[in-house]
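> Here is my input, please return the structure:
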Amino acid sequence: MLIDDTTTMPEQHTLTPTGVTLRWDNVQLEVDIPATDENGTMKKRILKGITGTASPGELLVIMGPLGAGKSILLDCLANHNTNYSGNVTINGQSWTDEMSKLSAYVLQDDLFYTTLTVKEHLQFQAELRMGKGCTSKERETRMVKVIANLGLVKCQDTMIGMEMPEEFLVENVNA
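So this is what the prediction gives:
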C-alpha cells in the first residue's frame, strides 16, 4: 500500500486521537517493600497526589530523575496498573475495556531496530501487537493510519539509525 500525505483511513473506534482528553486527579500508589530490619514488609508511597491533563493538540512531557515514578505513572494512566487510588478519565468518562484497546505507550526498554526504516519498524510492531486475530490487511491499514496520524509520511522510509560511539566519529580517527 502506498502511503502519502493524502492518505486517509476510516475511523474504527469512537475515540480518536484528535479528540481524546486524558485527565488524572490525585493519583496515588503505594507498594509493599521488604522492611529494612524485620522479616515483614512496609508500605512505600510511589506516587503522591499526581494531577494533570493531556489535551488534544498539545505535547505533554513527563520528566524526572531516574526512579521518580514516571513509568509507574504511565502504567496507571494506561490502565496497565490498576492498584492506584485517584481518578483517571478519558473525555470525562471512567476507564473501560474498550479504552484499554486504544491505549499504549512505548516502554523505555523497548528496542528500536536500527537497521529498519520507520515503516518497517511499525509493520513489525503491528505483527507483534495485533497478532493472529487481525488479518495482514488490517495490520497494514492500521500501520498506514499510525504513520499518517503521527506525521511520519515524509520519513517513513528513513532508517531509524543509531547514535555513533565517539570512537567512530571521523575527527577522532587517527590517520
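> center of this protein, which residue is that?
Tyr105 (1.2 Å; C-alpha atoms, centre = their mean).
> thought it was touching Leu73?
No - checked against C-beta atoms under 8 Å, the pair Tyr105 and Leu73 is beyond contact range at 10.7 Å. Any C-beta I mention is one placed from the backbone N, CA and C, and that applies to glycine too.
> What segments of the chain are helices?
70-77, 97-102, 118-130, 136-149 (DSSP state H).
> For the helix or strand of the chain with the lowest mean pLDDT, C-alpha coordinates in CSV please.
Here the helix or strand of the chain ranked lowest by mean pLDDT, DSSP states H and E is helix 97-102, holding a mean of 76. Provided in CSV are the C-alpha atoms of helix 97-102 (Å, rounded to 0.1, in the frame of the first residue of the first chain):
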residue,chain,number,x,y,z
ASP,A,97,-12.1,-2.2,28.4
GLU,A,98,-12.7,-0.6,25.0
MET,A,99,-10.5,2.3,26.0
SER,A,100,-7.7,-0.2,27.0
LYS,A,101,-7.6,-1.4,23.4
LEU,A,102,-6.8,2.2,22.3
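> chain center to it, what's the gap?
Centre-to-centre, helix 97-102 and its host chain are 14 Å apart (C-alpha atoms, centre = their mean, to the nearest Å).
> Near Leu22, how many other residues are there?
18 (other C-beta atoms under 10 Å).
> please begin residue numbering at 22 from this point
Will do, 22 is the new start, and the previous item becomes Leu43.
> and the gap between it and Leu98?
7 Å (C-beta to C-beta, to the nearest Å).
> got it, and Lys153?
Counting by C-beta to C-beta - Lys153 and Leu98 are separated by 29 Å.
> Which one's more surrounded, the two?
Comparing Lys153 with Leu98 by neighbour count (other C-beta under 10 Å), the higher total belongs to Leu98, at 23 against 6.
> can I assume Phe145 is in contact with Leu137?
Yes - Phe145 is within contact range of Leu137, at 6.8 Å (criterion: C-beta under 8 Å).
> Could you find the closest non-adjacent residue to Gln144?
Met164 (5.6 Å; C-beta to C-beta, 6 or more residues apart in numbering).
> what about the one you found, neighbour count?
Neighbour tally, Met164, other C-beta under 10 Å: 23.
> ok, now how distant is it from Gly70?
Going from Met164 to Gly70 by C-beta to C-beta gives 39 Å.
> which residues touch the closest residue to Ile67 other than its chain neighbours?
Sequence neighbours aside, Leu50 is the residue nearest to Ile67 in space, at 4.7 Å (criterion: C-beta to C-beta, 6+ apart). Applying C-beta atoms under 8 Å, 6 or more residues apart in numbering, we find Leu50 in contact with 66-68, 90, 93, 97, 102, 104-106.
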